[in-house]
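**Q** give me a model of this one.
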Amino acid sequence: MPFNLPNLLTWLRIFAIPLFVGIFYIPGLSPFGQNLVATIIFSVAAITDWLDGYLARTLNQTSAFGAFLDPVADKLMVTAALIILLHLERLDAPIALIIIGREITVSALREWMAQIGKAKSVAVSFMGKIKTTAQMIAIPLLLYHEPVADSFNSHLVGTWFIYLAAFLTLWSMIYYLKAAIPHALK
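**A** Just a heads-up that it's a prediction; the model follows:
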């Protein structure tokens, strides 16, 4: 396991998950304080998700381990956030199941395709990147939950984005499955 700055950022995202979840169980912290701190932690994690990949490429510090760990960290953080949002009743269970189910399905599909030497067939697509962007906008807005101004309802906008993310999640999963079907039929 190479120790470098991109991998350190990825590990920090993973280690931030218990802190992120624990914010909602600290006695005496107001609901607004919980929302604000959780939003900040998640947002910083989302930024480091982009930053660690950028640094790995820029500093020529890419590694097989980093390529494995980065999406795991992303999926763990998103899943933790979705479960918290379910607990807070800010997200409908079917949306969480669609997003989490897709992540498990596509991860398993990528693992299988790698085993048969066809990993490039299910490499991250542009649609997957748009889906991730929609999630990374939706989740902080749903975590924050408070109106930002009289004209900006963060919960409503976050809900629109999470529904968009769920739609893109299904669409991108179909894209990946279609790429894998010819190899499954052999």
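
**Q** contacts only, for the spatially closest residue to T105 that is not a sequence neighbour.
**A** If the residues on either side of it in the chain are set aside, T105 comes closest to M173, at 6.1 Å by Cβ to Cβ, 6 or more residues apart in numbering. Heads up, the C-betas are built off the backbone N, CA and C, glycines and all. Residues near M173 by Cβ atoms under 8 Å, 6 or more residues apart in numbering: R102, T105, V106.

**Q** neighbours around the second one, how many?
**A** T105 sits with 13 neighbouring residues when counted by other Cβ atoms under 10 Å.

**Q** that one: helix or strand, and which one exactly?
**A** Assigned by DSSP states H and E, T105 belongs to helix 93-115.

**Q** for that helix, buried residues please.
**A** Across helix 93-115, burial judged by 16 or more other Cβ atoms under 10 Å covers I95, A96, I98, I99, I100, R102, E103, V106, L109, R110, M113.

**Q** list the buried ones in the helix or strand just after that helix?
**A** Next along the chain after helix 93-115, taking DSSP H and E as the criterion, comes helix 126-144. Judged by neighbour count using 16+ other Cβ under 10 Å, the buried positions of helix 126-144 are 127-128, 131-144.

**Q** and if you look at stretch 60-76?
**A** Quick answer for stretch 60-76 (16+ other Cβ under 10 Å): Q61, G66, L69, D70, P71, A73, D74, K75, L76.

**Q** could the contacts of M173 go into a markdown table alongside pLDDT and distance to N4?
**A** Shown next, in a markdown table, are those (pLDDT from 0 to 100; distance: Cβ to Cβ, whole Å):
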| residue | pLDDT | distance to N4 |
| --- | --- | --- |
| R102 | 90 | 30 |
| T105 | 87 | 31 |
| V106 | 83 | 27 |
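
**Q** ok, now which ones touch E146?
**A** Counted by Cβ under 8 Å, 6+ apart, E146 has contacts F32, N35, S154.

**Q** contact partners for the last one?
**A** By Cβ under 8 Å, 6+ apart, S154 lies in contact with L141, L142, Y144, H145, E146, P147, V148.

**Q** circling back to that earlier point, among the contacts of E146, which are located in helices?
**A** Those of those mapping onto helices are F32, N35, S154, per DSSP state H.

**Q** follow-up on the earlier one: which strands and helices sit next to the helix holding T105?
**A** For helix 93-115, the elements it packs on are helix 64-87, helix 154-184, judged by 3 or more Cβ pairs under 8 Å, 6 or more residues apart in numbering; DSSP states H and E.
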